[in-house]
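Novice: this one's structure only:
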């Protein structure tokens, strides 16, 4: 089986897989009768976004400064392909609060995204847009993103859903792309919301943060056009169980909360009180267990170059004694049975949730698990540095955070985070 996993290391820490997967959301992803956006898989160029090649060879950076420089150049090149009207649509002020309400787990027909829909671009423009992501992300992170988009396209082609918004992704920029000032790249659609802030002025190395980011997957495993099985979020399960299995029975009893799997407490695009203090603390872990916990966290913070990942993990490690981990659901990693898991990692500098969803909302595919283990919602936030401090999270007026009723009353927003 082909899985998308990162092999970059932090000292002795091997990083796990990165993110995303395009997919149908639980309960709230039935068809929207008033959908006006373009069809899921076909773009205006006739190409599938997941198969567009941005470059012929690796462009992986190893330092934060290199990533900022290469990403900034890619943004400028993308903007050069756009008309004046398109540029006006994709560009926002750095502190525009739209950035806090335009990312969501829900399809684009339910929650309006900022910027340009890639399906409305030419193939040249799409390739330039994906080049921005390729410069920003590690090779493994970029492969995961396209694997997720491919999963959403898989659902559009094979599921019983009639939702028109599958396979649609938007890109937007907040602030002017620069190597010596801060700006944000926002990219997302259904089950995907990346908010990456790049700040070349922060210090000699610069800073990049991916908080807040929503990563989701449905199905967790699917077969691509080449007949290969793809599991974009494998590491989020595998690394979590490696951590769980490292604990003593007494530690597991402190960690474990319930047999029932919960939904996300902090929804994508919503405000959050960052609940903490439940489960086991980092102070009660051995050095080896702490490293395994950081490896779990690396699935979200390790999307870019090695230096950026190391810096973020070092900040989290500094307050790991005050960070708590809780767990519910299955205690054995077996995707063929049971209802999956829920875990939460909550501390001063990191907030992560993963929830295995129990419904498929009309996205059933023969022979493919699209609920429970096969339907994943996650959230990553930094309680001390969301949006690099440029904006405060506003409650969304759409389904992602406001709890609004979906079009035609379909679904249950509370479960779609």
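Specialist: Great, that's in hand. Computed from a predicted structure; not experimentally measured. Numbering: from 1, shown residues only.
Novice: Residue ranges in the stretch 101-250 of the chain under the pLDDT threshold?
Specialist: For the stretch 101-250 of the chain, the stretches flagged by pLDDT under 70 are 162-163.
Novice: all helices of it, in order?
Specialist: Remark: helices assigned in the stretch 101-250 of the chain by DSSP state H, counting those that start in this stretch are 123-136, 139-158, 234-246, 249-255.
Novice: Return the list of helices and strands in contact with the third one.
Specialist: Spelled out, that is helix 234-246. helix 287-301, strand 341-347 (3 or more C-beta pairs under 8 Å, 6 or more residues apart in numbering; DSSP states H and E). (Each C-beta comes from the backbone N, C-alpha and C, glycine too.)
Novice: and with 7 Å instead?
Specialist: When contacts are defined as 3 or more C-beta pairs under 7 Å, 6 or more residues apart in numbering; DSSP states H and E, helix 234-246 packs onto helix 287-301.
Novice: go on, the longest one?
Specialist: Helices and strands in packing contact with helix 139-158 are listed as helix 123-136; criterion 3+ C-beta pairs under 7 Å, 6+ apart.
Novice: rerun at 8 Å
Specialist: helix 123-136, strand 192-199, strand 213-217, strand 222-223, strand 229-231.
Novice: Can you list the buried residues in it?
Specialist: Neighbour-count burial for helix 139-158, counted by 16 or more other C-beta atoms under 10 Å, picks out 140-156, 158.
Novice: Then the last one?
Specialist: Neighbour-count burial for helix 249-255, with 16+ other C-beta under 10 Å as criterion, is recorded at 251, 254, 255.
Novice: Which residues does it contact?
Specialist: Helix 249-255 is contacted from outside by 244, 247, 279, 280, 284, 285, 289, 325, 326, 327, 331, using C-beta atoms under 8 Å, 6 or more residues apart in numbering.
Novice: thinking again about what came up before, tabulate the helices of the stretch 101-250 of the chain (a markdown table), appending distance to residue 84.
Specialist: Below are the helices of the stretch 101-250 of the chain laid out as a markdown table (distance: least, C-beta to C-beta, whole Å):
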| stretch | distance to residue 84 |
| --- | --- |
| helix 123-136 | 14 |
| helix 139-158 | 28 |
| helix 234-246 | 42 |
| helix 249-255 | 55 |
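Novice: For residue 205, find the nearest of those helices.
Specialist: Distance to residue 205, taken as C-beta to C-beta, is lowest for helix 123-136 among the helices of the stretch 101-250 of the chain, at 16.0 Å.
Novice: Let me know the closest of the contacts of helix 249-255 to residue 273.
Specialist: Using C-beta to C-beta, residue 326 comes nearest to residue 273 of these, at 15.4 Å.
Novice: any idea how far the residue nearest to the closest one when sequence neighbours are not counted lies from residue 165?
Specialist: Nearest residue to residue 326 in three dimensions, chain neighbours excluded: residue 279, at 3.1 Å (C-beta to C-beta, 6 or more residues apart in numbering). As judged by C-beta to C-beta, to the nearest Å, residue 279 and residue 165 stand 36 Å apart.
Novice: And those two? Which one has more around it.
Specialist: Neighbour totals were compared for residue 279 and residue 165, and residue 165 leads with 26 against 21 (other C-beta atoms under 10 Å).
Novice: pretty sure that one is in contact with residue 113, am I right?
Specialist: No: taking contacts as C-beta atoms under 8 Å, residue 165 lies outside contact range of residue 113: 10.2 Å.
Novice: before we move on, the earlier item: looking at the helices and strands packed on helix 139-158, which one is packed in the most?
Specialist: Comparing the helices and strands packed on helix 139-158 by mean neighbour count (mean count of other C-beta atoms under 10 Å), strand 213-217 ranks first with a mean of 30.
Novice: So what are the sheet partners of it and their directions?
Specialist: strand 192-199 (antiparallel), strand 376-381 (antiparallel) (DSSP bridges).
Novice: distance between it and the chain's centre?
Specialist: In terms of C-alpha atoms, centre = their mean, to the nearest Å, the centre of strand 213-217 is set 3 Å apart from its chain centre.
Novice: do the same with stretch 311-331
Specialist: That offset, for stretch 311-331, works out to 18 Å (C-alpha atoms, centre = their mean).
Novice: got it, and stretch 212-222?
Specialist: With C-alpha atoms, centre = their mean as the basis, the mean position of stretch 212-222 lies at 7 Å from the chain mean.
Novice: Same check on stretch 350-368?
Specialist: Distance, stretch centre to chain centre, for stretch 350-368: 14 Å (C-alpha atoms, centre = their mean).
Novice: Quick one: end-to-end length of that stretch, please.
Specialist: Taking C-alpha to C-alpha, to the nearest Å, the first and last residues of stretch 350-368 lie 33 Å apart.
Novice: where do the contact lists of residue 165 and residue 113 overlap?
Specialist: Shared contacts of residue 165 and residue 113, counting by C-beta under 8 Å, 6+ apart, come down to residue 189.
Novice: what stretches of the stretch 251-400 of the chain score poorly on pLDDT?
Specialist: By pLDDT under 70, the low-scoring segments of the stretch 251-400 of the chain are 396-400.
Novice: Swap in 50 and give it another go.
Specialist: 399-400 (pLDDT under 50).
Novice: can you map out the strands along it?
Specialist: All strands of the stretch 251-400 of the chain, identified by DSSP state E, counting those that start in this stretch, fall at 256-258, 280-281, 324-329, 341-347, 350-356, 376-381.
Novice: For residue 207, see how far away residue 234 is.
Specialist: In terms of C-beta to C-beta, residue 234 sits 29 Å off from residue 207.
Novice: Could you do residue 102 as well?
Specialist: As judged by C-beta to C-beta, residue 102 and residue 207 stand 23 Å apart.
Novice: now do residue 230
Specialist: If you go by C-beta to C-beta, the gap between residue 230 and residue 207 works out to 32 Å.
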